[in-house]
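>>> Below is the sequence, then the predicted model.
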Amino acid sequence: MKISFRRVQTKILLSFLLLITLAGVIGGIAFLYQGSINRYQAYKDDLNELRHLMAQIDVLQKDFIVVDARDEVFMGSGKSKNITLIETNIRESKKLLARLNENPTTKEFNLNQKIQALTEAREKYNRLFELLRKRIRERGFKSFGMEGRMRDYVHFLEKVDVDKELVLQLRRHEKDFFLRKDLDYKTKLHQTADKLKRKIVDSPLDDKRKETFMEYIADYEKMFDLIVEIEQEIGFDSKKGLRGELAKIYEQINNEVQSLFEVISFYVEGLIFRARLIVIAALIIMLVTGGFFAVYFSFSISQPIIVLDRVAKSVVKGLRSQDEFLDRITTDDEVGDLAKNFKIMLQKLRTSIQEAEQRNEQLQEFISQEKQRSWENEGFAVFGEILKNNNDNIVKQSYEIITELTKRTNSVQGGLFIVSGSDEAPYLELTAAYAYDRQKYLKKRINFGEGLIGETWREGDTKLITDIPEDYTFIKSGTGILKPTAILIVPIKTDEKIEGVLELASMQVYEQYVIDFIERLSRRIATNIAAVKANEKNLKLLAEAQDFNKQIEEKELELQRRVKEYDTWMQEFEAKLNNVSEESAIFQMILGKIYDGIIITDEKFTILKVNTFILRKFRYKRSQLEGQSVDVLIEADYKNIIDLKDRKFQLNYKVLNKRTTGKIIDQFGNQTLVQMVAGKLEVERKIFYVFLFNELSQEDVAMFNKGDSFLSQN
């Protein structure tokens, strides 16, 4: 079969064969390079996984020191969640290092020594962690390990009756060391222990108990020193001891892995660069070849056919300038004849269309005007009925208005804002919203001049926005947020005042007749809103007045009841007071003859009453003492009359003969020795404490200063 290179079919076939061959060459090169890149990338992924595993081990190790070292479960069993995770990650890292060592890429780049160094470092890390784990468990926590034994010793020492303050100091130095890791507290603990030993030696305890306590102190010090040594071995912070060594090994492993990663990355980047150069060069050749064939076929074959196709399609849009394109086809073949016949047909068609368009334009204009008038009249009728209803509920009426308006204007969403608040601080409140064929329950408040709606409120002019800001808020539909094409914001105003704002959003630009309709409707809505507000205000004032009258009546009834109760109580109190006052005067006169000073306190030892002797003798005013603690006035030994632990009197109201020696402090801090008795009284289920005293004579004071017991003389 003879092949003719003048035929269009042959030329097209050869062109495509050449392009397919070039594409195959590019694909083969890309496949070879991609295989190498994938192999090196897998090696990099293993390195990344190793680095991630070691990072997890380091984090778990630090968490183990912080958490498990104070976990009683770990101290008892030696197991914890962190240890299990560390052991799992160590096994995984071991497998990963073995896989890297056997990878051909390791031999290709001569990385065996670095992989071996990583393996040794990981094993060293594992050994040090095991040692750290062992030391932490030996140290113990609370009732476990050395700390547990040390606590047993100190609990025994707390039973020492010599000096409990020194035992408390031991515990405080112990805890300060555990908290701050400062060796100064170790020295302080030993010094305190020495003081406690000397106290025990000088105490009246028998020799056997002394020896037992001394042994426990020595065991306590020894155990504390062992814990300090273990803490030093573990490391007082993350840079010292075993913790510091673990941190250094982790840093070494991380640096080695990073070094390997950079070597492989450098080679992969070079390989990718060479592959890109080859592919780009092949693509350029393909583009040049394809461009050549495209230009050739475009001018020799495709161009006349494309012109005819464009002319045919343009007829649907209108008969304009098609003759110029048809005149460019000058070939003497079937395509040229087709162009001439098409030109004649267009001329006849153009004449017929012009006549039909003139008649159609006139008819469409008349229909459009009638449709707009009908739409407006129907709308005003519907909204007129809505405005007549629900005059006592502005929220319900607002919802009906915005629902009907959104549907009638083919909007996707709408909102009706009404001016609320006081005259000094007004704001727009979203009363009703409707979007995507359903009611929306939203809360929104807009201040004067805030945003586009606030500007419309301030300026009082309608805004039609087609260039919608990116941050403008829209209501979500069931499938997400659909950004409208146009937003119409119309003030709801009367001739005197703006009552609110209408906001509508549509997927189409609002026509002018729709805008005019909404503006005229907004004036009717404003008048209705003003009337509804006035009605609601009157109803609210009426309800408030009724509530106020009801509250006044309830308060009057309550006041009358309280007055009656108060009169009854006063009568009962005056009767009791008449019976008690005579007895109280007699008792006070008798006590005044026997004792110089009388002090009465409540159950919390707060002074309620003092007699005039105390005020005159010790130069106080009554307001300076009453309401103060009894310690302000009295300094005495309460062992015989007060339980110091519970701050309660040991004596009952029948015992007032047990005496003690105390001091009375005057206003200027001077002290006067007195002989005192005290007791407890219960009156009508209330507890009172009474302190009675006499001033000591000069002979008694001299005997007291010599150290003799005044009580033994009496």
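All right, it came through fine. Just so we're clear, the structure is a prediction, and the values are computed from it rather than from any experiment.

>>> contacts, neighbours, all on C-alpha from now
Noted.

>>> so what's the residue nearest to Asp176 when sequence neighbours are not counted up against?
Leaving aside its chain neighbours, Asp176 sits nearest to Tyr185 (6.7 Å; criterion: Cα to Cα, 6 or more residues apart in numbering). Taking Cα atoms under 8 Å, 6 or more residues apart in numbering, we find Tyr185 in contact with His173, Glu174, Asp176, Phe177.

>>> same question, Gly28
Going by Cα under 8 Å, 6+ apart, the list of residues near Gly28 is empty.

>>> check which helix or strand covers it.
helix 8-66 (DSSP states H and E).

>>> from the chain's centre, how far out does that helix sit?
41 Å (Cα atoms, centre = their mean, to the nearest Å).

>>> All further residue positions should be reported with the first residue as 49.
Fine by me, first position is 49 from now on; the one you just mentioned is helix 56-114.

>>> Next SSE downstream of it?
helix 120-125.

>>> average pLDDT across that next one?
For helix 120-125, the mean pLDDT works out to 80.

>>> Same question for stretch 515-533.
68.

>>> swap in stretch 393-411?
Rounded mean pLDDT across stretch 393-411 is 74.

>>> same thing with stretch 183-192?
83.

>>> Go through that stretch and flag the buried ones.
Applying a neighbour-count criterion of 16 or more other Cα atoms under 10 Å, one finds Arg183, Ile184, Arg185, Glu186, Arg187, Gly188, Phe189, Lys190, Phe192 buried in stretch 183-192.

>>> thinking again about what came up before, quick one: which of the contacts of Tyr233 is nearest to Gln89?
Set against Gln89, the nearest of those by Cα to Cα is Phe225 (51.3 Å).

>>> does that closest one count as helix, strand or coil?
Secondary structure, DSSP: H, G, I helix; E, B strand; the rest coil: Phe225 is helix.

>>> where's it relative to Val114, distance?
16 Å (Cα to Cα, to the nearest Å).

>>> Who has more neighbours out of those two?
Phe225 (18 against 11; other Cα atoms under 10 Å).

>>> ok, now which ones touch Thr337?
Leu67.

>>> check which helix or strand covers it.
helix 289-345.

>>> Equivalent analysis for Ile648, please.
Counting by DSSP H and E, Ile648 is part of strand 645-650.

>>> ok, that strand: who's next to it in the sheet?
strand 655-658 (antiparallel), strand 734-743 (antiparallel) (DSSP bridges).

>>> hmm, who's touching it?
640, 655-659, 661-662, 678, 735-742.

>>> among the residues you listed, which ones are buried?
640, 655-658, 662, 678, 736-742.

>>> and the lengthiest strand in the chain with strand 734-743, angle?
The strand spanning the most residues in the chain, taking DSSP state E as the definition, is strand 719-731. Relative orientation of strand 719-731 versus strand 734-743 (axes from the mean of the first three to the mean of the last three Cα atoms, to 10 degrees): 150 degrees.

>>> Figure out how far strand 719-731 is from the centre of its chain.
Taking mean C-alpha positions (Cα atoms, centre = their mean), strand 719-731 and its chain are 60 Å apart.

>>> list the buried ones in that strand?
Buried, per 16+ other Cα under 10 Å, within strand 719-731: Gln719, Thr720, Leu721, Val722, Gln723, Met724, Val725, Ala726, Gly727, Lys728, Leu729.

>>> What residues are bridge-paired with the second one?
Okay, so that is Thr720. Ile712.

>>> helices and strands of the chain: which one has the lowest mean pLDDT?
Sorting the helices and strands of the chain by mean pLDDT, DSSP states H and E puts helix 758-761 at the bottom, at a mean of 38.

>>> I'd like to know how far Thr575 sits from Lys541.
8 Å.

>>> out of those two, which sits in the more crowded spot?
Lys541 (23 against 18).

>>> Just the pLDDT for the more buried one.
For Lys541, the predicted pLDDT is 89.

>>> Which phi and psi values does it adopt?
phi -140, psi 150 (degrees, to the nearest 10).

>>> For it, give me its contacts.
Gly508, Glu547, Gly548, Ser570, Arg571, Ala574, Thr575.

>>> ok, back up a step: which one of the buried ones among the contacts of strand 645-650 is nearest Gly710?
Nearest member of the buried ones among the contacts of strand 645-650 to Gly710, counting by Cα to Cα, is Phe741, at 8.9 Å.

>>> Leaving out the residues flanking it, which one is nearest to that closest one?
Met724 (4.2 Å).

>>> Tell me the bridge partners for that neighbour.
The partner residues for Met724, given DSSP bridges, come to Thr708, Phe741.

>>> isn't it right next to Glu683, touching?
No: here Met724 lies out of contact with Glu683, judged by Cα atoms under 8 Å, at a distance of 10.7 Å.

>>> Residues that sit against both of those two, list them.
Gly710.

>>> Leu476 in helix, strand or coil?
Strictly by three-state DSSP, Leu476 counts as strand.

>>> Quick check: it touching Gly463?
No: using Cα under 8 Å, Leu476 makes no contact with Gly463, being 11.4 Å away.

>>> And the pLDDT at Met724?
On the pLDDT scale, Met724 gets 85.

>>> so what's it up against?
Counted by Cα under 8 Å, 6+ apart, Met724 has contacts Arg707, Thr708, Thr709, Gly710, Phe739, Leu740, Phe741, Asn742.

>>> go on, Glu547?
Ile466, Val467, Pro539, Ile540, Lys541, Ala574, Ile577, Ala578.

>>> Among the residues you listed, which are located in helices?
Counting by DSSP state H, the contacts of Glu547 place Ala574, Ile577, Ala578 in helices.

>>> need those residues in a markdown table with distance to Gln104 and neighbour count, can you?
Supplementary listing: the ones in helices among the contacts of Glu547 in a markdown table, determined by distance: Cα to Cα, whole Å; neighbours: other Cα atoms under 10 Å:
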| residue | distance to Gln104 | neighbour count |
| --- | --- | --- |
| Ala574 | 68 | 22 |
| Ile577 | 67 | 23 |
| Ala578 | 69 | 16 |
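
>>> Which residue in those has the weakest pLDDT?
Ala578 (81).

>>> Contact partners for that one?
Taking Cα under 8 Å, 6+ apart, we find Ala578 in contact with Glu547.

>>> Just want the angle from the helix or strand harbouring Ala169 to helix 56-114.
Per DSSP H and E: Ala169 is located in helix 160-187. Using the same axes, to 10 degrees, the inter-axis angle of helix 160-187 relative to helix 56-114 is 30 degrees.

>>> tell me what helix 160-187 is packed against?
helix 129-150, helix 193-205, helix 255-282, helix 289-345 (3 or more Cα pairs under 8 Å, 6 or more residues apart in numbering; DSSP states H and E).

>>> got those helices as TSV, with distance to Asp564 columns?
As requested, the helices and strands packed on helix 160-187 are arranged in TSV below (distance: least, Cα to Cα, whole Å):
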stretch	distance to Asp564
helix 129-150	74
helix 193-205	89
helix 255-282	85
helix 289-345	56
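
>>> Could you tell me the least trusted of these?
Sorting the helices and strands packed on helix 160-187 by mean pLDDT places helix 289-345 lowest, at a mean of 79.

>>> that older thread, quick check: the gap between the residue nearest to Asp224 and Phe226.
From Tyr233 to Phe226 the distance is 9 Å (Cα to Cα).

>>> go on, Glu156?
Taking Cα to Cα, one finds Glu156 at 53 Å from Phe226.

>>> Please say which of these two ends up with more neighbours.
A direct count of neighbours by other Cα under 10 Å for Glu156 and Phe226 places Phe226 higher, at 15 against 9.

>>> how is this structure carved up into domains?
421-590, 643-761 (automatic domain parsing).

>>> Lowest average pLDDT across those domains?
Minimum mean pLDDT among the domains of the chain: domain 643-761, a mean of 75.

>>> Identify the residues contacting Tyr668.
Ile662, Asp714, Gln715.

>>> Quick one: closest of the strands paired with strand 645-650 to Lys212.
For the strands paired with strand 645-650, proximity to Lys212 was assessed by Cα to Cα; strand 734-743 is nearest, at 32.5 Å.
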